[in-house]
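Peer 1: Sequence and predicted model, in that order:
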Amino acid sequence: FSLLLLNLEEYYFEQHTADHIQNKGGQYERKIRGSLKICSKSVIFEPDVISQPIIKIPLRDCIKIGKHGENGSNRHFAKAKSGEISLIFSQVYFIKEHNIVAPYKIERGKMEYVFELDVSGKVEDVVETLLQLHRASCLDKLGDQTAMITAILQSRLARTSFDKNRFQSVSEKLHMECKAEMVTPLVTNPGHVCITDTNLYFQPLNGYPKPVVQITLQDVRRIYKRRHGLMPLGLEVFCTEDDLCSDIYLKFYEPQDRDDLYFYIATYLEHHVAERTAESYTLQWQRGHLSNYQYLLHLNNLADRSCNDLSQYPVFPWIINDYCSTELDLSNPGTFRDLSRPVGALNKERLERLLTRYQEMPEPKFMYGSHYSSPGYVLFYLVRIAPEYMLCLQNGRFDNADRMFNSIAETWKNCLDGATDFKELIPEFYGDDVSFLVNSLKLDLGKRQGGQTVDDVELPPWARSPEDFLQKSKDALESSYVSEHLHEWIDLVFGYKQKGSDAVEAHNVFHPLTYEGGVDLNSIEDPDEKVAMLTQILEFGQTPKQLFVTPHPRRITPKLKTVTQACSPDDPMADSPGEESFEDLTEESKSLAWNNITKLQLQEQYKIHKEAVTGIAVSCNGSSVFTTSQDSTLKMFSKESKMLQRSISFSNMALSSCLLLPGDATVISSSWDNNVYFYSIAFARRQDTLMGHDDAVSKICWHDNRLYSASWDSTVKVWSGVPAEMTCTRRQQFDMLAELEHDVSVDTISLNAASTLLVSGTKEGTVNIWDLTTATILHQIPCHSGTVCDTAFSPDSRHVLSTGKDGCLNVIDVQTGMLISSLTSDETQRCFIWDGNSVLSGSQSGELLVWDLLGGKISERIQGHAGAVTCIWMNEQCSSIITGGEDRQIMFWKLQ
């Protein structure tokens, strides 16, 4: 017996040990021992001996139900034989004879079966229940049937409660208890949910498959709220990091119960596990820490796809386009399917026909009459390992042998040419288990028109075995071609091309009922219509929840450098070893330094200012350190002699930042008095003043004879400037090349390595990314709730990191402008340096924090200043760091 023998939306209520009496009163009378199961739409008898079939009698086919011997001449025997129940009916199913999974056998015609219960005292109750359920199943309208069965179920649940004797320990504290159903594919099983301070329990009403399901909260790794039957009632719990299947899926009767339980577990997890958003996975995937397979699995999970819900089963793309060749060439782009188009748009001729129909269609229009993922499609692929599910879905029958999943090439061809076939794949195609491709259960799946028996799935010529097929499919999914194009498919299925005009343009429009929010079930008054609508939606398939509303970032694929490194030493095409290895050594030493950033050690500290330090610049040889401060001075400090060598004042206003020009002859400082000052180190004098703004200058950058100045006057200005020392005249001309206008004051700016992009952060929390070649804004991202304190590009210019007054660290994808990661700390992070993966930030309290961005956590806190850390500098080799603080000190740190 399994719950899959029930009809869809049917419940299993109770069971009684009983005998099935065959040929009652005849000379061949015999008793078959087993258990009688009372379900909401049928009576099922499961014999103890497996050679006998399971008997299923639909209640709506029953003509009479009662105690045996109650009617007719033998009424006076009724007392003696009161343990017997008689069912007279017109149709019966025989299932799993000899325990073999096969299509159900049906027998029609008027029959009587007699069952004798072990406990004769229960007969009255059982008959009463059966009559009540029989009345429900004979109602004309489906909606009325559902309502009556629901009422019967709810009254049963109300009469019982969770058995506290099932607790793991006597000291457990009960937190909440409510009614719910445990969901597995095609089946829901009602019972009671109970959560304590240490465990989550589910106790099925019928005690099947076991009296209680228990999950230790300490083992829980992830929880997701789920949409079940279009309603916000589901909750799925995982005790693993990246498994496909969860440990329990619950469906509640009230959204509030679901939310309360979610909140309780989430609060418990907060102390143990970081909550993950789609964006945090995006960053890990982009940087190569998650495979394409793992990333798609996480996206499916976040988009409400679950292995326990066949109408929302995880969806994976067709990747390979070639099922004919004897060898699979993954270096040839022609081997792959075009990931920027949905399956329905891959064949141009078919698409043209569909578009013609679409244009002539009245509103609401759709291009495809069937979906890319539905229960039928999932079981089409899985029939060899889940035959009972297929029989459950199709009323005890397998599909026609010619319509079965017979061959990969044939299925792909059908998806390209079929008038109504647009299905994608399921995760199993990229997993390790080959059993869905092999008929190891020796199922009789019928004969095809050509006479051949349906057995194992026919593989393409390039696959030597089912194992080889899966391995090559996995290799294809992780190939560089797919890594470069997977974001295009994500846009279609989980992203911005899922809905609206972008979907129309991408030929990606499905039936309106398939979209989240496509129909409001609560607004449908008629119960019949409601049930029919829900059934239609669940059978038809559903579009995943939309996770992204802007174009999805591309994956960062390693450039060809690795190829040259892999060349043999005597390969004349390889770079000369000296250059390559020197560059690699610097890169290697940098990454080593960043790997050891948590072991940062303070070497010395000096109090050289009267107010907070605002900027640090260091000469190339590391001997001279220049600092600016709110005390309005620029100081020059010698690291060798540990002495203050100069103190320069330009006005009585605070200085906000400083930098050294190439050649180490000139220091530039920005001031709150609206000016930028050029100071000649050799001549020890101010050599120039740029009066470029109408309010304080907050930050300056220099690259390639260009000065970039940010100001509270809401602008960033770009100047061409050749330092006076290099020209014969003392004064110099500053030409303004561009003005980047903002709505509010700009507090910080930063350039990318090539100086083609600039990022600015404003007082109101917006991060702006500018293209300097055209002086236009690329992205405007309002991602902080207060002032932006600091911003910087990653070394590869793919990402921007920003910190703000709100304590957030935000990572933005430069190409798309998408916020792909956000971490929070309980205090403002005033300044930082980063290498793209790890961050060293200076906090308001004076601590230095090391962040692991990919792990989404703080990995070290280092004691630093007595007040806020206000600026931070790191040398090119990443071996030494200098910080400045509100405590007027500069601190020298060494990386071990």
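Peer 2: Received it, and whenever you're ready, just let me know what you need. Given the structure is predicted, the values throughout are model-derived calculations rather than measurements. Numbers count the residues shown, from 1 in each chain.

Peer 1: buried set for stretch 12-22?
Peer 2: Of the residues in stretch 12-22, those scored as buried under the neighbour-count criterion (16 or more other CB atoms under 10 Å) are 12-16, 18-21. Every C-beta, even on glycine, is put in place using the N, C-alpha and C of the backbone.

Peer 1: next one: stretch 654-662
Peer 2: 654-661.

Peer 1: Now do the contacts for L853.
Peer 2: The contact partners of L853, by CB atoms under 8 Å, 6 or more residues apart in numbering, come to 283, 809, 811, 821, 823, 834, 837-839.

Peer 1: Spatially central residue for this protein, please.
Peer 2: Taking CA atoms, centre = their mean as the criterion, L299 is the residue nearest the geometric centre of the chain, at 3.0 Å.

Peer 1: Now do the same for that one: its pLDDT.
Peer 2: At L299 the predicted local distance difference test score is 95.

Peer 1: If we ignore the residues flanking it in sequence, what's nearest A753?
Peer 2: Nearest-residue entry for A753: S797, 6.1 Å, with adjacent residues in sequence omitted and distances by CB to CB, 6 or more residues apart in numbering.

Peer 1: Report how many residues lie close to that neighbour.
Peer 2: As a burial measure, S797 scores 16 neighbours (other CB atoms under 10 Å).

Peer 1: Do I have it right that it meets L758?
Peer 2: No. At 11.4 Å, S797 does not count as touching L758 under the criterion of CB atoms under 8 Å.

Peer 1: picking that back up, closest to L328 among the contacts of L853?
Peer 2: Ranked by distance to L328 (CB to CB), the contacts of L853 are led by L283 at 31.5 Å.

Peer 1: just to revisit the earlier point, which one of the contacts of L853 sits closest to N875?
Peer 2: Proximity of the contacts of L853 to N875 (CB to CB) peaks at W834, which lies at 15.1 Å.

Peer 1: Now for that closest one: which residues touch it?
Peer 2: Residues touching W834, when contacts are defined by CB under 8 Å, 6+ apart, comprise 792, 794, 801, 840, 853.

Peer 1: rerun at 7 Å
Peer 2: Contacts here follow CB atoms under 7 Å, 6 or more residues apart in numbering; on that basis W834 touches 792, 794, 801.

Peer 1: That one bridge partners, please.
Peer 2: For W834, the beta-bridge partners under DSSP bridges are V839.

Peer 1: distance of K251 from V378?
Peer 2: Here K251 is placed at a distance of 19 Å from V378 (CB to CB, to the nearest Å).

Peer 1: Between these two, tell me which one has more neighbours.
Peer 2: Using other CB under 10 Å, the more surrounded residue of K251 and V378 is V378, with 27 against 22.

Peer 1: Not counting sequence-adjacent ones, nearest residue to the more buried one?
Peer 2: Nearest residue to V378, sequence neighbours excluded (CB to CB, 6+ apart): Y313, at 4.5 Å.

Peer 1: sorry, back to before: which ones among the buried residues of stretch 12-22 lie within helices?
Peer 2: Secondary structure assignment by DSSP state H places none of those in helices.

Peer 1: so can I have JSON lines of those showing distance to W672?
Peer 2: Conversion of the buried residues of stretch 12-22 to JSON lines gives the following (distance: CB to CB, whole Å):
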{"residue": "Y12", "distance to W672": "76"}
{"residue": "F13", "distance to W672": "78"}
{"residue": "E14", "distance to W672": "80"}
{"residue": "Q15", "distance to W672": "82"}
{"residue": "H16", "distance to W672": "87"}
{"residue": "A18", "distance to W672": "91"}
{"residue": "D19", "distance to W672": "96"}
{"residue": "H20", "distance to W672": "94"}
{"residue": "I21", "distance to W672": "99"}
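
Peer 1: how about the residues you listed in a markdown table, adding pLDDT?
Peer 2: Supplementary listing: these in a markdown table, determined by pLDDT from 0 to 100:
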| residue | pLDDT |
| --- | --- |
| Y12 | 97 |
| F13 | 96 |
| E14 | 95 |
| Q15 | 95 |
| H16 | 96 |
| A18 | 96 |
| D19 | 96 |
| H20 | 96 |
| I21 | 94 |
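
Peer 1: ok, and for the helix or strand hosting Y606, which residues are buried?
Peer 2: With elements delineated by DSSP states H and E, Y606 resides in strand 601-607, which encompasses its position. Residues 605-606 are the ones in strand 601-607 that count as buried (16+ other CB under 10 Å).

Peer 1: So which elements touch it?
Peer 2: Contact partners of strand 601-607 among helices and strands, from 3 or more CB pairs under 7 Å, 6 or more residues apart in numbering; DSSP states H and E: strand 889-894.

Peer 1: so R555 sits right up against W285, yeah?
Peer 2: Yes. Between R555 and W285 a contact is recorded at 6.4 Å, counting by CB atoms under 7 Å.

Peer 1: Settle it for me: which of these two has more neighbours?
Peer 2: Here R555 and W285 are compared on neighbour count by other CB under 10 Å; more neighbours surround W285, at 26 against 20.

Peer 1: And stretch 448-459, end to end?
Peer 2: Terminal residues of stretch 448-459 lie 17 Å apart, using CA to CA, to the nearest Å.

Peer 1: what's next to the host helix or strand of M636, contact-wise?
Peer 2: Using DSSP H and E, M636 sits within strand 633-638. Residues from elsewhere that reach strand 633-638 (CB under 7 Å, 6+ apart): 606, 608-609, 623-628, 644-649, 655, 658, 667, 669, 679.

Peer 1: Looking at those residues, which are in strands?
Peer 2: When the contacts of strand 633-638 are checked against strands using DSSP state E, the ones located there are 606, 624-628, 644-649, 655, 658, 667, 669, 679.

Peer 1: Which members of those are classed as buried?
Peer 2: Among these, those that count as buried by neighbour count (16+ other CB under 10 Å) are 606, 624-628, 646, 648, 655, 658, 667, 669, 679.

Peer 1: Turn those into a markdown table, columns for pLDDT and distance to D338.
Peer 2: Written out in a markdown table, the entries for those read as follows (pLDDT from 0 to 100; distance: CB to CB, whole Å):
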| residue | pLDDT | distance to D338 |
| --- | --- | --- |
| Y606 | 96 | 62 |
| S624 | 95 | 58 |
| V625 | 97 | 56 |
| F626 | 97 | 56 |
| T627 | 98 | 56 |
| T628 | 98 | 55 |
| R646 | 94 | 65 |
| I648 | 95 | 63 |
| L655 | 97 | 56 |
| C658 | 97 | 53 |
| V667 | 96 | 55 |
| S669 | 97 | 55 |
| Y679 | 95 | 59 |
